[in-house]
Structure formats: C-alpha cells, structure tokens
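K.L.:
here you go, sequence then predicted model.
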2 protein chains.
Amino acid sequence: MGVSEIYPEGKTAADFAAWKPGDVRKLIREGKITGQTSGMCEGYAQANLVVLPKELAYDFLLFAQRNPRPCPLLEVSDTGSRTLHEIADGADIARDIPKYRIYEHGVLTGEYTDVSDFWNDGLVSFLIGCSFSFEGELLAADVPVRQIEEHCNVPMYDTSIPCRSAGIFHGNMVVSMRPIPEALIPRAVLVTGAMPRVHGAPVAIGDPESIGIHDLSRPDYGDAVTIKEGEVPVFWPCGVTPQAAVMASKPDFCITHSPGHMLLTDVKNVLLKY
Amino acid sequence: MGVSEIYPEGKTAADFAAWKPGDVRKLIREGKITGQTSGMCEGYAQANLVVLPKELAYDFLLFAQRNPRPCPLLEVSDTGSRTLHEIADGADIARDIPKYRIYEHGVLTGEYTDVSDFWNDGLVSFLIGCSFSFEGELLAADVPVRQIEEHCNVPMYDTSIPCRSAGIFHGNMVVSMRPIPEALIPRAVLVTGAMPRVHGAPVAIGDPESIGIHDLSRPDYGDAVTIKEGEVPVFWPCGVTPQAAVMASKPDFCITHSPGHMLLTDVKNVLLKY
C-alpha cells in the first residue's frame, strides 16, 4: 500500500494544467506520473473507473441506467477489452490511470500503478463522469468553489435519498456539498443543470436534515469546508454513489481508480452540455 | 394478424386527448381499446416497447447506453417482471399496450392485444422514449409538424450514420424528418435540444445526401410528407433505430408494441426536460 506520488522533474499536478490529455496519459503509462490528477488538463473531463466481472456488469449497467444523476456513464468497455474508444481514444484502461485500487470480497487488498497483471477476459470497465467537469464551468461563471479555495477534497455525505435498486446493487445517494452565496444559487443551478451528463442540477438546497445529513462539519468522505455568512449549502449527486453501492455488495473482485487519481479524457467539459 | 382497432362507443383516439394515462391504460387492459394511441393523453409521454430474453438484455442495454440519442431508455424492467414502477406505476407490460407484435428468429409471427400467455421469467422489458414528446413542445412553440397536419406517419429513413455496436447489436441510425421553415430552424433546435431524454436536437439539417438519404419522397418507414417552398428537411434520431438493430440480429424471441400503439406513461413531456 501507499504508492508514492511521482511527477516528472519535481513538477506538480498544476504544472500540467495546459497539457493535452493524451500527452499526460502517455507519461502516466510510462510510470512517470503516479500522483493525483486534480488541476491537470484544464477544460477536459476526468472520469472515475469501476471494473467488474462480466457476471455483475448487467446489474451495474442497470443501476447506472436507473440512477443517471449520481452515476453518469461516459463509456462502457467491451467485455475483456482494456481499450477505450469514445472518451479517450486508444487509452489502456489498465495502465493510463496513475493509481488503482483492487478490492476482493469488498476488502481493499492493494494499490497499484498498473493493473495489467490482474486483467482477464471477463472484466468490464465503467467510466463515470465527475464533478470536476461542472466545477470548471462554475468558476468560469464566477461561482466560488470552496474546496478549491481551501485546497482540500470536496465534502461528501451519505443521505436518506434512496437509489433505485438493480439486481445486487442498492443503497442511498451520496452527495457532494458546495456552499454557495444565496444570490448565486440560481446561477449555480443553471450552470450545473446544463450538464446532466456530469451529475446535473443540485438534488437539495439548504436544510441538510431534509436529506438525512445531521452534521455538515463531519462529512462521510472528503474534507469539511467553511460555510460563510450568507452562504447556503447546496448538494449535488456524487459519483461516490455507485462505488458505495458496489462496495456494499462485496463483489469477489473489483478494480477502481484510487481517489483523486482519475482518467484524463479527451472530452472537453463544454461538450458535456450537448 | 390484423387485430381490429377498437375504441369504446364509437370514439376515436382524439377523444381521449384530455384523459389521464392511467384511466386509458385501464380501458386498454380490459380490451376496450385496441387502436393506435396518437393524440391520446395530451402532454404525457408515450413509450416504445422492446422485450428480449435476459441473455440479450446486457447487449441491448449497452447498445442503448452507447447510442442514447436514438435509443433513450425511459425504464428497464426487472428480469421477469411485468410491472413498471417509474414511468407508469403499476402498469402491466403484457396487457396495458393496445397491440403487440411477436417476432421469432426475426420473423413477425403474430399480433396480439394481450401477451401474458407468452410471458416467462427470463424476459426483460425496455421502454424507449418517443418523438411524440417533443412534437407537443414544437407545436406549443408554433413550429409546424407536417405529418400531424397531413394526418399521416412521420417519414423515417435509414442513414449512413453508424451506431456504436454493442455485442450482437449493430446498425446505422434511423432518422425521422420534419420540414421546418428556414427561419424557425433555430427554435426547432432549441426546443428539441432541451429534451435529450426523447432524442434531443437534430442530427442533420438540410442535405439528405450528407447522411446517405437519396430520395426524401421514398421513406424507409412511415409516409412521405410535403416539403414546401422555403422549408428545410430537418432530421432527428429515431426510436426505430434500436428496433431495426434488434430485428437485424434475429433474436429467437422478441415482443414489441405494434407501430403507433404505444404505452401511455404518467410522465409529463415537460418533465423530460429535467
């Protein structure tokens, strides 16, 4: 466990803001980058990864179909294939993400920078959209994004909002929270609502208790952030939802990206509006 | 074959324009309506049906995921279940559509008003959005819909636009065409683009040859319509696309609705924008 965070020549993730995704993926594949991807390839979507055995793929695909807001699928691989075609043409799913996690029977058994040795012909890969995409649009519209200002992870919470079950997968929705100045709430709704393929509009605005959240200062995932005077907590469906549903079902075998270590896609965020 | 078109007491479909979908579904279940549903339950979405054996369900679900514009899934049943929960709560998939078709090995073997005798625990039902939903919005925005004016079916054409394949399912996109006055094209794009869950914006505007259509007067499905001076043919992704892909794969067994005889859902068209 605990693979180190490597960047070439003492660079940081932010130094790759202006790079093309394909060029950064090449460095990742060569093992020259193993660190987190936040801030890389500005303007391009990043994707979460869930890899499951074929026997569970139908249930997971159906779970995503029934819960598109927390689980927006950007691409699903052919069974057994490690190659993507739509969102990152030619990308090798097993090598082009900086860090992976392997779970067996629901237990994290290791972190790796290359999972090709674990691949087999029965695996299906699901690439899931991420709120990084709409955060760029929020910032462009002068809506503050607190966890970026505070250099931490977005706070995420388990809620009482049930997902629609599909086969073995079930659970409640996980949401991310961003404090928004009251006057900017309509703008935040419109900006994110225009991007349904990356979570879309908020699911709740204001009272956390209404969706079963009792203490905003203690997120279930990520970090707490400051809520200033005149700001309202706004909650969006979160891509941790499908991961939580998968983990709760304790599949024999599952590969995911390591948190914060995403797939850099060739898809421009702005094109996720159409 | 050739089940008659029954409506109660000499009524026509148009007489049910102001009815609630659940009330019309009840008459359909009782065998009192076996006719086509165009014009019924104004403001509510109607859905196409494809029922496949579980062994083909994964490939079909993946085909829909990869081709959401021509194949917008509104609901997928649990395996073996005849009951819908989301778009028409409590509806019986095997009895609440006025007319069904059964295909064996790709060949149409019969039309029925009730398919419960053919049901088994291995069937999965796919309910697919339909352009009726956006046509109501076009008319509300004073954009003419020619085939409604001419009381015929919308013209549909095979194209050269490839779908993304999924397992056994592949094929080119089928499109529907509506002639739009040149000045109203932006409005038609905006109205339909706001409804991505029912096909969304056009895929082509203008030259039919650019998408492999050689003669607009000879549609591959439906009826030809008049294109007036100053009008431009506008092409939308069509829900016949997944049906054509299914038929081309000649599954052992498949149930569909009979053309024009749709499921009346409880979903308001206007809510398909969100």
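P.N.:
Everything's here; your move. Numbering: from 1, shown residues only, chains lettered A, B, ... in the order given.
K.L.:
assumed residue A:126 was part of a strand.
P.N.:
Yes. Counting by DSSP: H, G, I helix; E, B strand; the rest coil, residue A:126 is located in a strand.
K.L.:
in chain A, which spans are helices?
P.N.:
Ranges of helices in chain A, per DSSP state H, are A:21-29, A:54-66, A:132-140, A:146-149, A:185-193, A:240-248.
K.L.:
let's have the ones you listed in CSV, adding mean pLDDT.
P.N.:
Formatted as CSV, the helices of chain A follow (pLDDT from 0 to 100):
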stretch, mean pLDDT
helix A:21-29, 97
helix A:54-66, 97
helix A:132-140, 92
helix A:146-149, 92
helix A:185-193, 97
helix A:240-248, 91
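K.L.:
out of these, which is closest to residue B:84?
P.N.:
helix A:54-66 (12.3 Å; CB to CB). Using the backbone N, CA and C atoms, a C-beta is placed for each residue, glycine as well.
K.L.:
show me what from the stretch 101-250 of chain A comes close to chain B.
P.N.:
For the stretch 101-250 of chain A, the residues in contact with chain B (CB under 8 Å from any CB of the partner chain) are A:164, A:193, A:196, A:201.
K.L.:
from the residues you listed, which two are the most distant?
P.N.:
A:164 and A:193 (20.8 Å).
K.L.:
show me where the stretch 101-250 of chain A has its strands.
P.N.:
A:107-112, A:123-128, A:156-162, A:172-181, A:204-205, A:231-237 (DSSP state E, counting those that start in this stretch).
K.L.:
tell me the strands beside the first one, with direction?
P.N.:
Strand A:107-112 pairs in its sheet with strand A:100-104 (antiparallel), by DSSP bridges.
K.L.:
pull out the buried residues from the partner strand.
P.N.:
Buried residues in strand A:100-104, counted by 16 or more other CB atoms under 10 Å in any protein chain shown: A:100, A:101, A:102, A:103.
K.L.:
okay if I get those as a markdown table plus pLDDT?
P.N.:
A markdown table is the format used below for the buried residues of strand A:100-104 (pLDDT from 0 to 100):
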| residue | pLDDT |
| --- | --- |
| A:100 | 97 |
| A:101 | 94 |
| A:102 | 96 |
| A:103 | 94 |
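K.L.:
closest to residue A:226 out of these?
P.N.:
residue A:101 (29.9 Å).
K.L.:
isn't the closest one right up against residue A:257?
P.N.:
Yes. Counting by CB atoms under 8 Å, residue A:101 touches residue A:257, with 7.3 Å between them.
K.L.:
on that earlier part again, of the residues of the stretch 101-250 of chain A next to chain B, buried ones?
P.N.:
Buried among these (16+ other CB under 10 Å): A:196, A:201.
K.L.:
where's the dip in pLDDT among the residues of the stretch 101-250 of chain A next to chain B?
P.N.:
Among these, residue A:196 has the lowest pLDDT, at 89.
K.L.:
so what's it up against?
P.N.:
Residue A:196 makes contact with A:68, A:69, A:72, B:196 under the criterion CB atoms under 8 Å, 6 or more residues apart in numbering or on different chains.
K.L.:
before we move on, the earlier item: which of the buried residues of strand A:100-104 lies closest to residue B:219?
P.N.:
Using CB to CB, the buried residues of strand A:100-104 come closest to residue B:219 at residue A:100, 50.0 Å.
K.L.:
what is the burial count for residue A:14?
P.N.:
When neighbours are counted by other CB atoms under 10 Å in any protein chain shown, residue A:14 registers 11.
K.L.:
how close does the residue nearest to it when sequence neighbours are not counted sit to residue B:64?
P.N.:
Computed as CB to CB, 6 or more residues apart in numbering or on different chains, the closest residue to residue A:14 that is not its neighbour in sequence is residue A:39, at 4.7 Å. Note on residue A:39: its distance to residue B:64, by CB to CB, to the nearest Å, is 35 Å.
K.L.:
I figured residue A:43 was touching residue A:267, is that so?
P.N.:
No. With contact defined as CB under 8 Å, residue A:43 does not count as touching residue A:267 (9.9 Å).
K.L.:
okay, those two: which has more neighbours?
P.N.:
In this view residue A:43 and residue A:267 are compared by other CB under 10 Å, and residue A:267 has more residues nearby, 23 against 14.
K.L.:
so the more buried one sits right up against residue A:91, yeah?
P.N.:
No. Shown here, residue A:267 and residue A:91 do not form a contact pair, counting by CB under 8 Å, at 11.6 Å.
K.L.:
which residues are in contact with each of the two?
P.N.:
Joint contacts of residue A:267 and residue A:91 (CB under 8 Å, 6+ apart) do not exist.
K.L.:
give me the residue from the stretch 1-150 of chain A nearest chain B.
P.N.:
The minimum distance from the stretch 1-150 of chain A to chain B, using CB to the nearest CB, falls at residue A:58 (4.5 Å).
K.L.:
contacting residues for the closest residue to residue A:48 other than its chain neighbours?
P.N.:
Computed as CB to CB, 6+ apart, the closest residue to residue A:48 that is not its neighbour in sequence is residue A:128, at 4.2 Å. By CB under 8 Å, 6+ apart, residue A:128 lies in contact with A:47, A:48, A:49, A:50, A:64, A:71, A:72, A:73, A:74, A:239, A:242.
K.L.:
give me the subset of these lying in strands.
P.N.:
A:47, A:48, A:49, A:50, A:73, A:74 (DSSP state E).
K.L.:
just put those in JSON lines and tack on neighbour count.
P.N.:
Output for these, formatted as JSON lines (neighbours: other CB atoms under 10 Å in any protein chain shown):
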{"residue": "A:47", "neighbour count": "28"}
{"residue": "A:48", "neighbour count": "22"}
{"residue": "A:49", "neighbour count": "22"}
{"residue": "A:50", "neighbour count": "24"}
{"residue": "A:73", "neighbour count": "22"}
{"residue": "A:74", "neighbour count": "25"}
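K.L.:
would CSV of the residues you listed with pLDDT and distance to residue B:78 be doable?
P.N.:
CSV is the format used below for these (pLDDT from 0 to 100; distance: CB to CB, whole Å):
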residue, pLDDT, distance to residue B:78
A:47, 96, 28
A:48, 94, 26
A:49, 96, 27
A:50, 97, 22
A:73, 96, 20
A:74, 97, 26
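K.L.:
format those as a markdown table; extra columns: distance to residue A:35.
P.N.:
Below are these laid out as a markdown table (distance: CB to CB, whole Å):
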| residue | distance to residue A:35 |
| --- | --- |
| A:47 | 17 |
| A:48 | 17 |
| A:49 | 16 |
| A:50 | 21 |
| A:73 | 26 |
| A:74 | 22 |
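K.L.:
ok, these vs residue A:111, which is closest?
P.N.:
For these, the nearest to residue A:111 is residue A:49 (13.5 Å; CB to CB).
K.L.:
list the contacts of that closest one.
P.N.:
A:93, A:97, A:100, A:125, A:126, A:127, A:128, A:255, A:256, A:257, A:262, A:263.
K.L.:
what's the fourth one in contact with, if anything?
P.N.:
Just to be clear, that refers to residue A:125. Applying CB under 8 Å, 6+ apart, the residues near residue A:125 are A:49, A:50, A:51, A:76, A:77, A:81, A:82, A:84, A:93.
K.L.:
again, only this time at 6 Å
P.N.:
A:51, A:77, A:93 (CB atoms under 6 Å, 6 or more residues apart in numbering or on different chains).
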